[in-house]
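**Q** with the input below, show me the fold.
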Amino acid sequence: MKRTFSLALLVGALAIGGYWLWNGAAPQSAGTVAAAPSQGDPIVTGIETPVSLTPAEQMGQTAFNAVCAACHGDNGAGRQGMGPPFINAIYKPGHHGDMAFLVAVQNGVQAHHWPFGNMPPQQGLTRADVANIVAYVRALQRTNGIE
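**A** Alright, predicted model coming up:
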């Protein structure tokens, strides 16, 4: 019995340690993380912007700036104490697909990667608006090496 418990404890510790090593201790961002932040400061600095945007990405940029940037920051840099950066590997298409953005806008989302609290549903955005916002965010991500 004691040996079984010790073995189970060892397996559990190895699983947790492996998960931590595989996923890293903290989310990794492209760019440079700002030092000594204040409420509302950008979380990620040094973000590169695309040289050009498609018409859909331009409409997405306009909608993002009007609705999303208040919490998620200019160019998706995030804001300290307000909202996470989209210029982060957590939001790459393979982890948070395009549909995740639509679901978050329509239904809100419970915080699960960051300590910012829950995001409420966002009013006044159509599916097309969200698709354009996603196109803009994906263009920013590609420019910053997140694919």
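**Q** can you map out the helices along this structure?
**A** 2-23, 55-63, 69-72, 98-107, 127-143 (DSSP state H).
**Q** which of those helices has the lowest average pLDDT?
**A** Mean pLDDT is lowest for helix 2-23 among the helices of the chain, at a mean of 46.
**Q** pretty sure residue 135 sits against residue 61.
**A** No. In this structure residue 135 lies outside contact range of residue 61 using CB atoms under 8 Å: 9.2 Å. The C-beta positions use only the backbone N, C-alpha and C, and glycine is treated the same way.
**Q** these two: which has the busier surroundings?
**A** More crowded of residue 135 and residue 61, by other CB atoms under 10 Å: residue 61, with 22 against 19.
**Q** check contacts around that one.
**A** Contact analysis of residue 61 by CB atoms under 8 Å, 6 or more residues apart in numbering lists 53, 136.
**Q** cool, and residue 122?
**A** By CB under 8 Å, 6+ apart, the neighbours of residue 122 are 67-68, 105.
**Q** separation between the residue nearest to residue 136 when sequence neighbours are not counted and residue 81?
**A** Closest residue to residue 136 apart from its sequence neighbours, by CB to CB, 6 or more residues apart in numbering: residue 60 at 3.1 Å. According to CB to CB, to the nearest Å, residue 60 and residue 81 sit 25 Å apart.
**Q** okay, these two: which has more neighbours?
**A** Comparing residue 60 with residue 81 by other CB under 10 Å, the one with more neighbours is residue 60, at 26 against 15.
**Q** what's the spacing between that one and residue 53?
**A** Following CB to CB, the distance that separates residue 60 from residue 53 is 8 Å.
**Q** and if you look at residue 109?
**A** 26 Å.
**Q** quick one: buried residues of stretch 59-68?
**A** 59-61, 63-64, 67-68 (16 or more other CB atoms under 10 Å).
**Q** over to stretch 52-59?
**A** 53, 56-57, 59.
**Q** put together TSV for these, with distance to residue 101 on each row.
**A** Shown next, in TSV, are these (distance: CB to CB, whole Å):
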residue	distance to residue 101
53	17
56	14
57	14
59	15
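**Q** ok, of those, which one's closest to residue 95?
**A** Closest approach to residue 95 among the buried residues of stretch 52-59 (CB to CB): residue 57, at 20.9 Å.
**Q** great, nothing more from me.
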